[in-house]
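J.: Structure for the following, please:
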Amino acid sequence: MITLGQPIHMFDYDKIVDKKMIVRESKKGEKLITLDEKEITLPGGDVVIEDGSGKLIDLCGIMGGSNSAITSKTNRVLLFVQTYNKSRIRKTTMATGQRTIAATFFEKGLDEERVVATTVNATQLLEKYCHAKVVSKIQDIYPKKQEKKLLFMSYELFEKKIGVKIPEKTIDTILTNLGFGLSIAPKQGLILVEG
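T.: Residues are numbered from 1 along each chain as shown. You can find the predicted model right below:
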């Protein structure tokens, strides 16, 4: 989570009844025992996941349920990497008093484009350090992709904003390494940043 700034969650796949995960809003008064063994009564309207039996297994963006937790006896893991509406996570955090590192990340808003890269990275780490075997492809459920934003900026303005003189080629390299697309008009000293 810390490396890429994107929280992840892992479920014990064999504890998910009927192998179904239904993302929905909670009903007022529903309860969930979280990974830290606290029983939470939900105010309603919170993003949760239930399994095939209707049992809650995750308070999304905050903490998973103890009933789907990984243990030393776990054989199959479901890796779950996602983003949520930041204001909904904040509202649930305030209403339930559940403050977690994951919730802090989600409350600030996360880049949906980071999910697949984080999934790949986490999978590689599981393969390398846990000798995990990948048995399925990434399922990317992404109802509405973000539109790319364009920004016109001069090198002069870039330097003024960050307060340090940096060579133009270095600026280009930094922006490219951060995943931005660049179009450069050298005679005008302009950069078109797409990302």
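
J.: tally of neighbours for residue 13?
T.: 16 (other C-beta atoms under 10 Å). Just so you know, the C-beta spots here come from the backbone N, C-alpha and C atoms, and that holds for glycine as well.

J.: surely it meets residue 79?
T.: No - under the criterion of C-beta atoms under 8 Å, residue 13 makes no contact with residue 79, lying 9.7 Å away.

J.: gap between residue 10 and residue 87?
T.: Distance, residue 10 to residue 87, using C-beta to C-beta, to the nearest Å: 26 Å.

J.: what about these two, which has more around it?
T.: residue 10 (17 against 10).

J.: Buried ones in stretch 80-97, by neighbour count?
T.: Residues of stretch 80-97 classed as buried: 80-84, 86, 88-90, 92-93, 96 (neighbour count, 16 or more other C-beta atoms under 10 Å).

J.: same deal with stretch 118-133?
T.: For stretch 118-133, burial by neighbour count (16+ other C-beta under 10 Å) applies to 118-119, 121-122, 126, 132.

J.: May I see those residues organised as CSV, with distance to residue 170 and pLDDT added?
T.: As requested, those are arranged in CSV below (distance: C-beta to C-beta, whole Å; pLDDT from 0 to 100):
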residue, distance to residue 170, pLDDT
118, 27, 90
119, 31, 92
121, 26, 92
122, 31, 93
126, 36, 94
132, 39, 95
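
J.: how does this structure divide up, domain by domain?
T.: 8-130, 150-194 (automatic domain parsing).

J.: out of these, which comes closest to residue 139?
T.: Residue 139 lies closest to domain 8-130 among the domains of the chain, at 9.5 Å (C-beta to C-beta).

J.: Endpoints of that closest one, how far apart?
T.: Chord length of domain 8-130, first to last residue, is 16 Å (C-alpha to C-alpha, to the nearest Å).

J.: for it, the distance to its chain's centre please.
T.: 11 Å (C-alpha atoms, centre = their mean, to the nearest Å).
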